[in-house]
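A.B. asks: What follows is a predicted structure for the sequence shown.
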Amino acid sequence: MKISRWLKILFLVALVAVGIAVAQLYLQAPVHLRFGGWEASPPLSLALVVVVIALIVVAFFIKTLAFLLLLPSRMASWGRQRAVTQRQEALAGGVRALALDDSKLALKHFLRLSEDKHSDAGTHAWLAAVAAEKIGDVQKRKHLLRLTANSSPAELAAAAKACLACDEDRLSEAFNILAAAGAPGHSPVLAKMFLDTARRRSEWPAALGAAYQLRTVSPSAKWKKAVIDMVRQGLDTIDDAEKLEDFWKNHVHADERKNAELLSGYIYALHRLGNDKSVADALERAAKTNGEAPEILLVIAALGSRKLCETFFTAGEKGAETSRSAEQVSAIAALAERLNLWGKARRYYQMAHSLRPESRYLQALTELEKKMKSAEAGDS
């Protein structure tokens, strides 16, 4: 292998030596050039140098000419790229300023972007309106909302129109605009506005639907709480028994219907509307599914039959002795109070207060003392 390699190297060296020797012979040979009456006989080496220089000059001329021809388009492309960079910097600056609560700087950035015909004017006008609202510039906000309402994207146009309608207390119009735009749909912006508008109009099924949509898109504690709040407000304010039944059974999801606090709220709402039969049925169902929850024990103590109270007091009394939950012990105390077991009721209220020293337990004790005195006065 090594001999073969050395033979190749020697062959190449010999070939180069022969090439140089031949070049020495021919490069010194004259080249006869004749053009009209002009005649010259330079050596071949000089002629080759002249040809190479001529080719270099021609290549340089062609590249220079190409550069000059392409210069306008390159300048235009550079200008466009610079404009894009400036828009991106302005957008980033505006978003950063909003995040840092520097609304004046954010407004400055977004106003500049909204006036740029090459940018997404509708989106930037909307963001500028948000910044204007934060600094309290009502007129500028209204102007920017009008700009957004007449531009794209359609989602923000609808949101801007709804905002303008809400500002003038035209809630029905705002509600219809958002519904026509597909709210709550899959847009958090529209869903949030739809929730607020529906809440202001006491459209609890619609408001709850928007809250569910927001919780699906962004499962944060904020929107989980919004769902609970919408259910609770609906139960507290709906003033028609049929609407209440429809709201609870067809719009509140199963998970929320199992929530002891909301379930007790539903039973209290039925009682408020005078639907005693539904109250009894709901109490029976709640007793089977959530009978150990303090909220359900309290509603049983308040609205349940004496027999139901006795059943749950007997079942819960043993657990109350060792319970570390003030709410649980207080619920057993309420059952004892309903059954006129004054001594046990007082003892459990005192236990609840020792577990969690809150004024509500002291207040319950005070009310109990009043009842006991009234009962003693009646007996005497």
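C.D. replies: Alright, I've got the coordinates.

A.B. asks: can we go C-alpha only for contacts and neighbour counts from here?
C.D. replies: Noted.

A.B. asks: how is this protein carved up into domains?
C.D. replies: Domain ranges of the chain: 16-27+40-59, 86-152, per automatic domain parsing.

A.B. asks: Read off the pLDDT value for Ser354.
C.D. replies: We have a pLDDT of 92 for Ser354.

A.B. asks: Please, which helix or strand holds it?
C.D. replies: Counting by DSSP states H and E, the element that carries Ser354 is helix 342-355.

A.B. asks: what comes up buried for the next helix-or-strand element following that helix?
C.D. replies: Moving toward the C-terminus from helix 342-355, the next helix or strand (DSSP H and E) is helix 359-379. Using 16 or more other CA atoms under 10 Å as the test for burial, helix 359-379 gives Tyr361, Ala364, Leu365, Leu368, Met372.

A.B. asks: Distance-wise, check Val58 relative to Ile177.
C.D. replies: Distance, Val58 to Ile177, by CA to CA, to the nearest Å: 69 Å.

A.B. asks: before we move on, back to that, specify the angle between the helix holding Ser354 and helix 359-379 in degrees.
C.D. replies: For helix 342-355 against helix 359-379, the angle by axes from the mean of the first three to the mean of the last three CA atoms, to 10 degrees is 170 degrees.

A.B. asks: The residue lying closest to Val189 once chain neighbours are set aside is in what secondary structure piece?
C.D. replies: Nearest residue to Val189, sequence neighbours excluded (CA to CA, 6 or more residues apart in numbering): Ala159, at 7.5 Å. Secondary structure assignment for Ala159, by DSSP H and E: helix 154-167.

A.B. asks: what's next to that helix, contact-wise?
C.D. replies: Contact with helix 154-167 is made by 122-123, 126, 142, 145-146, 148-151, 171, 173-175, 177-178, 181, 187, 189-190, 193, 197, as judged by CA atoms under 8 Å, 6 or more residues apart in numbering.

A.B. asks: re the thing from before, the buried residues of helix 359-379: which two are farthest apart?
C.D. replies: Tyr361 and Met372 (16.3 Å; CA to CA).

A.B. asks: give the contact list for the residue lying closest to Ala129 once chain neighbours are set aside.
C.D. replies: Of all residues not flanking Ala129 in the chain, Arg141 sits nearest, at 4.6 Å (CA to CA, 6+ apart). Residues in contact with Arg141, defined by CA under 8 Å, 6+ apart, are Ala128, Ala129, Val130, Ala132, Glu133.

A.B. asks: Neighbour-wise, which one of those residues leads?
C.D. replies: Neighbour counts for the contacts of Arg141 peak at Ala128, which has 30 neighbours (criterion: other CA atoms under 10 Å).

A.B. asks: how many neighbours does Asp169 have?
C.D. replies: 12.

A.B. asks: And it, what's its pLDDT?
C.D. replies: Listed pLDDT for Asp169 reads 81.

A.B. asks: now swap in the one 10 residues further on and tell me
C.D. replies: At Ala179 the predicted local distance difference test score is 81.

A.B. asks: doesn't it fall inside a helix?
C.D. replies: Yes: using DSSP: H, G, I helix; E, B strand; the rest coil, the assignment for Ala179 is a helix.

A.B. asks: which one is it nearest to, not counting chain neighbours?
C.D. replies: Setting aside the residues directly before and after it, Ala179 is nearest to Phe194 in space (CA to CA, 6+ apart), at 7.7 Å.

A.B. asks: same deal with Arg215?
C.D. replies: By the measure of CA to CA, 6+ apart, the closest residue to Arg215 outside its immediate chain neighbours is Trp223, 4.9 Å from it.

A.B. asks: In contact with that neighbour, which residues?
C.D. replies: Trp223 sits in contact with Ala211, Tyr212, Leu214, Arg215, where contact means CA under 8 Å, 6+ apart.

A.B. asks: just to confirm, which helix or strand has Glu39 in it?
C.D. replies: Assigned by DSSP H and E, Glu39 falls within strand 38-40.

A.B. asks: which intervals of the stretch 51-200 of the chain have sub-threshold pLDDT?
C.D. replies: Along the stretch 51-200 of the chain, segments meeting pLDDT under 70 span 83-84, 87, 91, 95, 98, 117-119, 183-186.
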